[in-house]
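>>> Provided below for reference: sequence and predicted model.
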Amino acid sequence: MSEADGAGTEEPPADGAGSANEVTLEKVGEAFVLRVTGALDLAVAPKLRRLIDRVQRLAPSLLVIDLTEVSFLASTGMTELVRADRLAASTAVRVVATGRITLRPLELARLTDELVIRPTLSAALDRT
């Protein structure tokens, strides 16, 4: 994400720096990428919600929520993923999830039927 040069910028600042459980925001081309690190649980879910709301106000064409570095996915985290997908009017929402820690809970909750899941960030950013 390019550095903000002052007032009037449309890019939201990154959030959560310096913590084991964090959510960071990055702009990649025309897309916004939210990267979650550590446990996506009751403590981190509100931060994810705030950043999703901030990004959705900008109405980008694509929002990617990257769970690659998530060590635990709680139901509150899954709720925020569904909320992001349902509230996105003109924004495509994609979730990066693989393996037993993130993809398996989404499968068990049958959210893979509702959410667009990709195995890698590059696959999620691919416009096809």
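Now that the structure is in, tell me what you want to look at. Numbers count the residues shown, from 1 in each chain.
>>> grab the longest strand from the protein for me.
Using DSSP state E, we find that the single longest strand of the chain is strand 62-73.
>>> what strands line up against that strand, and which way round?
Within its sheet, strand 62-73 is paired with strand 31-40 (parallel), strand 92-96 (parallel), according to DSSP bridges.
>>> quick one: which of those strands is nearest Ser71?
strand 31-40 (5.6 Å; C-beta to C-beta). (Each C-beta comes from the backbone N, C-alpha and C, glycine too.)
>>> switch the strands paired with strand 62-73 over to TSV; also include mean pLDDT.
Shown next, in TSV, are the strands paired with strand 62-73 (pLDDT from 0 to 100):
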stretch	mean pLDDT
strand 31-40	97
strand 92-96	97
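>>> which one of those strands lies nearest to Ile52?
Using C-beta to C-beta, the strands paired with strand 62-73 put strand 31-40 closest to Ile52, at 6.9 Å.
>>> what is the orientation angle of the helix or strand following that closest one with strand 92-96?
Once strand 31-40 ends, the next helix or strand along the chain (criterion: DSSP states H and E) is helix 45-58. For helix 45-58 against strand 92-96, the angle by axes from the mean of the first three to the mean of the last three C-alpha atoms, to 10 degrees is 150 degrees.
>>> what mean pLDDT does helix 45-58 have?
For helix 45-58, the mean pLDDT works out to 95.
>>> so what does that helix touch, helix or strand wise?
Using 3 or more C-beta pairs under 8 Å, 6 or more residues apart in numbering; DSSP states H and E as the contact test, the elements touching helix 45-58 are strand 22-28, strand 31-40, strand 62-73, helix 75-87.
>>> pull the CA atoms of that helix into CSV?
Extracted in CSV, the C-alpha atoms of helix 45-58 (Å, rounded to 0.1, in the frame of the first residue of the first chain):
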residue,chain,number,x,y,z
ALA,A,45,-13.2,-10.2,15.5
PRO,A,46,-14.2,-6.5,16.4
LYS,A,47,-11.0,-5.2,14.9
LEU,A,48,-11.7,-7.2,11.7
ARG,A,49,-15.3,-5.9,11.6
ARG,A,50,-14.1,-2.2,11.9
LEU,A,51,-11.6,-2.6,9.1
ILE,A,52,-14.1,-4.4,6.9
ASP,A,53,-16.6,-1.6,7.5
ARG,A,54,-13.9,1.0,6.7
VAL,A,55,-13.0,-0.8,3.4
GLN,A,56,-16.6,-1.3,2.3
ARG,A,57,-17.3,2.4,2.7
LEU,A,58,-14.6,2.9,0.0
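>>> thanks again, I'm all set now.
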